[in-house]
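In: structure, please.
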Amino acid sequence: MFFVVLGGSSALRSQTQNEGYILHNVYCLLSRQLSLLPVHACIRGHYHSADEQSRAEGAALIPRLHHRGAKEGLTVKFRGYLHIICVTAILLLTITVTFAQDSKVRIHVRPEQSSIFVDGVLFGDSSRTIKVAPGKHTIGVYNYGYIPQVREVTLEPGKNPGIVFELQTVPGTVSGPWGRIQIEGASRAAVLLNGKTPEYLVGHGDEFNNSGEFLNCCAQQLIVPAGTHQLTIMSHNKEIWSGQVDVAANQRVVVHVPSGKQKIKPWTEGAYLNSADRFTAGTASAAVAVVRPSATFTAQSAQINCGDSTQISWTTADTVQRTMTEEPEATKQLEPSGQLSVSPKATTTYNLKASGPGGTVNQTAAVNVNTAVQSSLQASPAEIRYRKIGDKVLEQGASNLTWSTSNANVVSIEPLGTVSQNDSREIKPAPKQDSTGQVDETLTYALTAKNDCGGSSTQTATVRISGSIEPVPEVSLVSVFFPTGLPDKSHPEGGLVKSQQQTLANTATEFKKYLEYDPDAHLRVIGNTDERDSNVKNKPLSERRANRVKDYLVSLGIPDGKIELVAQGDEKQLDGIQSSSSMQKIRRRSRKAWATSRIWCGRTTGVSTSNYYRKMFFQNSIFRAMRTTQRFWRTAGGRITKKS
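Out: Purely as a prediction, here's the structure:
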C-alpha cells in the first residue's frame, strides 16, 4: 500500500478502497483530537469516498461540525508538527505491515545485460532485487549467445539469500547473408524475435538503438538473417508493439516503436562482414548476431511394407520449438534431436518445423508404404482317386495344398479357415455325392490374403475327385459237380470240368471284390458224398474234391489263407431224396456218354455277411453213360462258406 501526504490538509489513498476507508477514518480521528483539521474536512473526504448511506450520515453532521469549528478556532502551530509526526508514523507502520508478507531476493546475473523472468513474467534486465509472493517460483535468466539457465526456487517471506546466475556462451560464430534491425523509442523494452516466450529474447532496445553512423565505436546493432521476421517489443511484461519486419541482405530496417513506422536504409558494412560473434558488448556498444536455425530430418527406410516400421531421425541447432506433423495425427513436440519409430498404414510425408530467434526451418521426410499383397496357391496332385463300397471308403487320395504370401497379416483358405502366412497342408477331400455310381467332382480352394493397409490378394486351386461309390458286393452260392469217383488218388488234379471251372471263376471274382469290402472274410469249402459207398472211400474222396476246389480258387487269385477245408464224407451225406432228385435231373439232361456236368446253384438269402457265414454249396452228381446201358454214378456234394 502506498500513501501520499498532499499539502497541509493531506489526502490518503490506498490500493484497495476498503483499506482506504479505514485509514482515512483513523487519520481524521487523530486530526480532530489534535484540532489541526476541521471536522467537516473529514466528513467531506468520507462523503466523497463512501456509499450512499455514509454520505447521508456525513451530510447530517456537517452543520454541527461547523458550529464546533467556529467555537474552537484554529489550533496552535506546534500541534501541526505533532500532526505530521503522527501521520508519518502511521504511514510507515502501514507500509511495513503491507510489505512484510512479500519475499525479497537479489538476482545476480552474468553477463550484466541478461534479462530476468520469474514465472514467465519479465522483471527487467541486469542484476536486481525482486519482490514476489512467498512460495515456489521458476526463475529464468536469458541472454542471446548464452545458454539460458532456469531454476526452481522456494522463497520465504522477507529477505532471502541472493541467487547467482552465470551463463555460459554458445560456441561458434554467425555468417551471412544478413541485415540489421534498429529499434527506436523503446530503450529499456525487451526485444523478442520470431516468438513470444523468453527463449526468443535477443536483447533490449538500448542495445539496438544506435546506427553508428556518426560514432562507429558506439554502434548498437541487431544483426539478423535476411528474410521476414516477427518482431515483438515488451515493456514491464506488456506487449507494446508487434509486427512483421522484412529484412533484405545488407540493408538496415529502422523500426520506430511509438509510431510503428519502418524505414529501410542501406547497410554496406554487411557485405564485408564475413562472420560475427553471437553477442558482444563494450562500454557504449553492443552487437547481437542472430543465427538462422538449421535441421536435418530423415527416414531410415524410405520404402517399407505394410506393418513394418522405420525410424525418423532429426537433429536441430539454434531452435526453441520443434514440432513434427503427420496427417491425420496431431502434432508432436520434439527434443532438439532424437529418433521416433513410425508405422504408417499408407505413404506418408512427415513435416518437421523448427523455430528459433533466427527464423523457422521446415524439413520433410517421406515414407512410401507398399500395400500390395502377393500370394500363390497350388494343389499337387490336382486329381485324386476315391472309392467307397457300402459304408467303407476303400480309397481316398490325398493332395498337398501349398501356399505362400508376402506383405499380408491375415490369410485364410476356404474351406479350411484361417491359416499361417506360408505353409502347406495335406488334404483328403471327399465327394459331395452320396449315391452309388461314378464320381467326378471338382473342389475349389480359395486363398484370401489381406493387410491392415487395405491391400488384398486372392488365389484359387482345384482338386478333381474321380472314382466310384459301390454297393456292398454279393457272393453267389453255387454247387459244383464232379464225375463219379473223381478225382482219384492217382489224378488228384482231375475231375473239375470246364463248366464247373467257370462257376468257380465267377465265385472267385465275387469273393475277391468282397475281400475289398471286408478283408477278414474267409471261404469254407465243404466236401460231401451220398450214401452209396462206405465212409472209408467217401471220406478221402470228399477231401480230394475239396482240395481240388481250393487249388483252383487259389489259381484264380484267392489267397490260400482265406480258404478253409472241411471233408464230411458220409458223416453228413446227401439224403436219399436230394440224391435221387439229383440223379433224375442228370438222367433227363444226359444224352450221350461223358456228358458235361450241370451246375445247380443255390443261394442262401436273408443272412447278413457281417455277422454270419455266407454259404456256398458244391453238390456233385456225376454220372457215366455207357454205350449200351446207362450206369448211374454216385453223387457227392461240396459246400463253400464265407467266414468272417
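In: low pLDDT regions in this structure?
Out: Scanning the chain with the threshold set as pLDDT under 70 gives 1-84, 86-100, 213-217, 327-330, 529-534, 569-644.
In: what ranges do the helices span in it?
Out: Assigned by DSSP state H, the chain shows helices spanning 17-34, 39-49, 52-72, 77-99, 269-272, 498-517, 535-555, 576-589.
In: what's near enough to touch residue 193?
Out: Residues near residue 193 by Cβ atoms under 8 Å, 6 or more residues apart in numbering: 200, 202, 224, 229, 230, 231, 232, 290, 357, 358. Placement of C-beta: from N, CA and C, glycine included.
In: excluding chain neighbours, what is closest to it?
Out: Leaving aside its chain neighbours, residue 193 sits nearest to residue 357 (4.4 Å; criterion: Cβ to Cβ, 6 or more residues apart in numbering).
In: roughly how far apart are residue 146 and residue 561?
Out: In this view, residue 146 and residue 561 are 107 Å apart by Cβ to Cβ, to the nearest Å.
In: that should have said residue 426, apologies.
Out: Look at residue 426 and residue 561: by Cβ to Cβ, they are 34 Å apart.
In: try residue 522
Out: Per Cβ to Cβ, residue 522 is found 8 Å from residue 561.
In: looking at those two, which is more packed in?
Out: The neighbour count for residue 522 versus residue 561, taken as other Cβ atoms under 10 Å, is higher for residue 522 (17 against 8).
In: and that one, what are its bridge partners?
Out: Per DSSP bridges, the residues bridged to residue 522 are residue 643.
In: looks like it contacts residue 566 (just checking).
Out: No: contact criterion Cβ atoms under 8 Å: residue 522 and residue 566 do not qualify, at 11.9 Å.
In: start and end of stretch 111-129, how far apart?
Out: Start and end residues of stretch 111-129 are separated by 16 Å (Cα to Cα, to the nearest Å).
In: would you mark the buried spots in that stretch?
Out: Buried residues in stretch 111-129, counting neighbours by 16 or more other Cβ atoms under 10 Å, are found at 113, 114, 115, 116, 117, 118, 122, 123, 124, 125, 127.
In: biggest separation within those residues, which pair?
Out: 113 and 118 (17.9 Å; Cβ to Cβ).
In: show me the beta-bridge partners of residue 419.
Out: Beta-bridge partners, per DSSP bridges, of residue 419: residue 411.
In: now do the contacts for it.
Out: Listed by Cβ under 8 Å, 6+ apart, the contact set of residue 419 reads 403, 411, 412, 413, 425.
In: gap between the first one and residue 470?
Out: So the one you mean is residue 403. Counting by Cβ to Cβ, the gap from residue 403 to residue 470 is 35 Å.
In: residue 132 too?
Out: Residue 132 is 104 Å from residue 470, by Cβ to Cβ.
In: equivalent analysis for residue 477, please.
Out: Note on residue 477: its distance to residue 470, by Cβ to Cβ, is 21 Å.
In: of those two, which one has the most company?
Out: Of the pair residue 477 and residue 470, residue 477 is the one with more neighbours under other Cβ under 10 Å, namely 21 against 17.
In: backbone dihedrals for that one, please?
Out: Residue 477 adopts backbone torsions of phi -90, psi 120, taken as degrees, to the nearest 10.
In: now swap in residue 284 and tell me
Out: Note on residue 284: backbone dihedrals following degrees, to the nearest 10 are phi -130, psi 20.
In: so it makes contact with residue 212?
Out: No: using Cβ under 8 Å, residue 284 is not in contact with residue 212; the gap is 10.3 Å.
In: what's the spacing between residue 415 and residue 374?
Out: 23 Å.
In: look at the two and report which has more neighbours.
Out: Comparing residue 415 with residue 374 by neighbour count (other Cβ under 10 Å), the higher total belongs to residue 374, at 14 against 11.
In: returning to what we had before: quick one: which of the contacts of residue 419 is nearest to residue 346?
Out: Here the nearest of the contacts of residue 419 to residue 346, counting by Cβ to Cβ, is residue 411; it sits at 21.3 Å.
In: closest one of the contacts of residue 193 to residue 261?
Out: Residue 261 lies nearest to residue 231 out of the contacts of residue 193, by Cβ to Cβ, at 13.1 Å.
In: who touches that closest one in this structure?
Out: Residue 231 makes contact with 181, 191, 192, 193, 241, 242, 243, 244, 245, 255 under the criterion Cβ under 8 Å, 6+ apart.
In: give me that answer again for 6 Å
Out: Shown in contact with residue 231 (Cβ atoms under 6 Å, 6 or more residues apart in numbering): residue 245.
In: show me the beta-bridge partners of it.
Out: residue 193, residue 243.
In: gap between it and residue 161?
Out: Taking Cβ to Cβ, one finds residue 231 at 38 Å from residue 161.
In: go on, residue 150?
Out: 19 Å.
In: what about the two, which has more around it?
Out: Between residue 150 and residue 161, residue 150 has the larger neighbour count (other Cβ under 10 Å), namely 13 against 8.
In: bridged to the more buried one, which residues?
Out: Beta-bridge pairing of residue 150 under DSSP bridges involves residue 140.
In: hmm, residue 141 and it touching each other?
Out: No: under the criterion of Cβ atoms under 6 Å, residue 150 makes no contact with residue 141, lying 7.9 Å away.
In: how far does stretch 110-123 stretch from start to finish?
Out: Using Cα to Cα, the end-to-end distance of stretch 110-123 comes out at 16 Å.
In: likewise stretch 163-172?
Out: OK, stretch 163-172 end separation, Cα to Cα: 29 Å.
In: switch to numbering from 823
Out: Okay, using 823 as the starting number, the last item reads as stretch 985-994.
In: report the residue ranges of every domain in this structure.
Out: Using automatic domain parsing, the domain ranges for the chain come out as 839-921, 925-990, 994-1111, 1116-1189, 1196-1292, 1320-1465.
In: mind checking which of those is nearest residue 1307?
Out: domain 1320-1465 (7.1 Å).
In: for the nearest residue to residue 1322 once chain neighbours are set aside, phi and psi?
Out: What sits nearest to residue 1322 in space, not counting adjacent residues and going by Cβ to Cβ, 6+ apart, is residue 1302, at 4.6 Å. Main-chain dihedrals, residue 1302, degrees, to the nearest 10: phi -120, psi 130.
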